[in-house]
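> need a structure here:
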Amino acid sequence: MNARLTAEPARSVAGAPQGNEPPARVKPGPPLWLLLELTYRCPLHCVFCYNPTDFATTGPELGTDDWIRVLREARALGAVQLGLSGGEPLARDDLETIVAEAHTLGYYINLITSGIGLTEARIAALKRAGLDHIQLSFQDSSRELNDFLSSTRTFELKSKVAALIRKYEYPMVLNVVLHRLNIDHVGEILELAQQMGAQYVELANTQYYGWAWLNRDRLLPSREQLRRAEQTLERFRAKAGQKMKIFFVVPDYFETRPKACMNGLGSVFLTVTPDGTALPCHAARMLPGLILPNVRETDIKAIWYDSPGFNHFRGDAWMKEPCRSCPEKTKDFGGCRCQAYLLTGDAANADPVCDLSPHHHLVTEAVETAARAIASGTSQPEGANQPKAQEHVLVFRDHRISIPVVTAAPARRADVPESG
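All right, here's what the predicted structure looks like:
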């Protein structure tokens, strides 16, 4: 079943030199980091969810046997770090079975969860199965905004789950996604984390793809908000000392150089989605023309080493200028392919976050637009005591609808070379 993939030559890549021979493939190391998105089912409806906006059209979820086979094949290839996410992974009745197999295989296992469904019986079972780590998400420090942003009443339940995590002696790890509507609450969020006994807090500024892309114009903070948040963070660190480690991920839009997304696509990270589609990053499903394999049809070894989807953005043959001749390309690998696609319509372009990109103005204009919206007072949700008429401006994650990805520029397929 793998002959089709292993025998297929490399496809033409947008921006790559064209000739009779395809560019030589780059031999990667093993997929050290495996992320299994076990389900798209989720009780929350977060406005910044990174799941694809058209996930309602995807196929049925993999069964237990398929997930176990994926775990075994990836471990044999060298995978060591395992993330279990979704959706909400606790929606899977076989989660404990998957964790037990992963533990037997020797993975370090991290459950990424909203906490909804984590009863005492389940956390005890997961502990027995060998789960190593739980990352619990909150949306805000206040009940009102936490529940508004997820369109659920879950704040009190999450607080109870945090207590269970401590009781079962897991490291207390909290994750809060920051954006315009809650970034001014960083001080209160950190105080809440301290009250809960958090040892690690990740303040992860929103990455604008998935549902967050639909809501970018309502979620992108201003530079002034970011400055205040960083100042608040430094004051808290000075007061709290080393009792709590805080990771603050600066939003891409405020940088002048891109992050090394996934350390380069197809380098160390492999995602498997609920329907079995394998991705070189968790958002790559949106990229047009990227031929993505499925674990139902192809084993992990062939997917990682031979599939067009994973070889497409390896190396630098696919790069356009200014990336191709840039000395920093071995540091940032051209930045985020999904961000380049969403902002410019072409995944082979330089990430517009980079101020060397000819499309950098798209980022600075978005930041300027956000600042004007905040200054005019038009950016707060109904949940922040605004008139009801404001509610429609946010699009909440909804499994009942499918929304196609629309870029900020006309999209071009990644497998179609430019004319001329």
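
> switch to C-alpha atoms for all contacts and neighbour counts from now on
Noted.

> residue ranges with poor pLDDT in the stretch 101-250 of the chain?
For the stretch 101-250 of the chain, applying pLDDT under 70 flags no range at all.

> so where do the helices sit in it?
Ranges of helices in the stretch 101-250 of the chain, per DSSP state H, counting those that start in this stretch, are 120-129, 143-150, 155-167, 186-195, 211-214, 216-219, 223-240.

> Run through who's touching the second one.
For helix 143-150, contacts defined as Cα atoms under 8 Å, 6 or more residues apart in numbering pick out 44-47, 138-140, 153-156, 182, 383-384, 396.

> Could you give me the ChimeraX selection string for whichever of the residues you listed are buried?
In ChimeraX syntax, the buried subset of those is picked out as below (16 or more other Cα atoms under 10 Å):
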select :44,45,46,47,138,139,140,154,155,182,383,396
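
> Quick check: the two most widely separated of the contacts of helix 143-150?
For the contacts of helix 143-150, with distances taken as Cα to Cα, the pair at the greatest spread is Glu156 and Phe396 (21.0 Å).

> re earlier: strands - which of the contacts of helix 143-150 land there?
Phe138 (DSSP state E).

> Do you have the strands of the protein handy? List them.
For the chain, applying DSSP E gives strands covering 33-37, 81-85, 108-113, 133-138, 173-178, 200-205, 245-249, 269-272, 278-279.

> Single out the most deeply packed of those.
Of all those, strand 278-279 has the most neighbours on average by mean count of other Cα atoms under 10 Å, namely a mean of 27.

> still on that earlier bit, same list, the strands of the chain, but as TSV with distance to Ile291 please.
Shown next, in TSV, are the strands of the chain (distance: least, Cα to Cα, whole Å):
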stretch	distance to Ile291
strand 33-37	19
strand 81-85	23
strand 108-113	28
strand 133-138	32
strand 173-178	31
strand 200-205	30
strand 245-249	31
strand 269-272	14
strand 278-279	10
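
> So for Ala373, which of those sits nearest?
Among these, strand 173-178 sits nearest to Ala373 (Cα to Cα), with 17.5 Å.

> now for that closest one, which elements pack on it?
Helices and strands touching strand 173-178, by 3 or more Cα pairs under 8 Å, 6 or more residues apart in numbering; DSSP states H and E, are strand 133-138, strand 200-205.

> Let's see that with 10 Å instead.
Applying 3 or more Cα pairs under 10 Å, 6 or more residues apart in numbering; DSSP states H and E, one finds that strand 173-178 makes contact with strand 108-113, strand 133-138, helix 155-167, helix 186-195, strand 200-205, strand 245-249.

> Distance to Val80 added to these, as a markdown table?
As requested, the helices and strands packed on strand 173-178 are arranged in a markdown table below (distance: least, Cα to Cα, whole Å):
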| stretch | distance to Val80 |
| --- | --- |
| strand 108-113 | 6 |
| strand 133-138 | 14 |
| helix 155-167 | 23 |
| helix 186-195 | 29 |
| strand 200-205 | 22 |
| strand 245-249 | 23 |
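
> Compare the ones you listed and give me the one nearest Arg296.
Smallest distance to Arg296 across those (Cα to Cα): 23.0 Å, for strand 108-113.

> Mind giving me the packing neighbours of that closest one?
Looks like strand 108-113 contacts strand 33-37, strand 81-85, helix 95-105, strand 133-138, strand 173-178 (3+ Cα pairs under 10 Å, 6+ apart).

> could those be laid out in CSV, adding distance to Ala350?
What follows is the helices and strands packed on strand 108-113, written out as CSV (distance: least, Cα to Cα, whole Å):
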stretch, distance to Ala350
strand 33-37, 25
strand 81-85, 29
helix 95-105, 38
strand 133-138, 32
strand 173-178, 25
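
> For Asp355, which of those is the nearest?
Set against Asp355 and scored by Cα to Cα, those come closest in strand 173-178, at 23.7 Å.

> what angle do that closest one and helix 223-240 make?
For strand 173-178 against helix 223-240, the angle by axes from the mean of the first three to the mean of the last three Cα atoms, to 10 degrees is 160 degrees.

> Tell me which strands strand 173-178 pairs with, and in which orientation.
Strand pairing for strand 173-178, using DSSP bridges, gives strand 133-138 (parallel), strand 200-205 (parallel).

> Tabulate those strands (a markdown table), appending distance to Ser85.
As requested, those are exported to a markdown table (distance: least, Cα to Cα, whole Å):
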| stretch | distance to Ser85 |
| --- | --- |
| strand 133-138 | 10 |
| strand 200-205 | 16 |
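
> what about Ala56, how many residues close to it?
15 (other Cα atoms under 10 Å).

> so which of the strands paired with strand 173-178 comes closest to Ala366?
Ala366 sits nearest to strand 200-205 of all the strands paired with strand 173-178, at 15.6 Å, using Cα to Cα.

> List the contacts of the nearest residue to Gly130 once chain neighbours are set aside.
Nearest in space to Gly130, with sequence neighbours left out and distances taken as Cα to Cα, 6 or more residues apart in numbering, is His103 at 5.4 Å. With contacts defined as Cα atoms under 10 Å, 6 or more residues apart in numbering, the neighbours of His103 are Leu82, Thr97, Ile109, Ala129, Gly130, Leu131, Asp132.

> Filter those residues down to the buried ones and express that as a PyMOL selection.
Buried residues among those (16+ other Cα under 10 Å), as a PyMOL selection:
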select buried, resi 82+109+129+130+131+132
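
> Would you reformat the contacts of His103 as CSV and include distance to Gly345?
Converted to CSV, the contacts of His103 look like this (distance: Cα to Cα, whole Å):
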residue, distance to Gly345
Leu82, 32
Thr97, 42
Ile109, 36
Ala129, 45
Gly130, 44
Leu131, 41
Asp132, 40
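
> quick one: which of the contacts of His103 is nearest to Thr64?
When the contacts of His103 are compared for distance to Thr64 (Cα to Cα), Thr97 comes out closest, at 8.0 Å.

> Relative to Val161, how far out is the closest residue to that closest one other than its chain neighbours?
Excluding its sequence neighbours, the residue lying closest to Thr97 (Cα to Cα, 6+ apart) is Ala129, at 7.5 Å. Here Ala129 is placed at a distance of 19 Å from Val161 (Cα to Cα, to the nearest Å).
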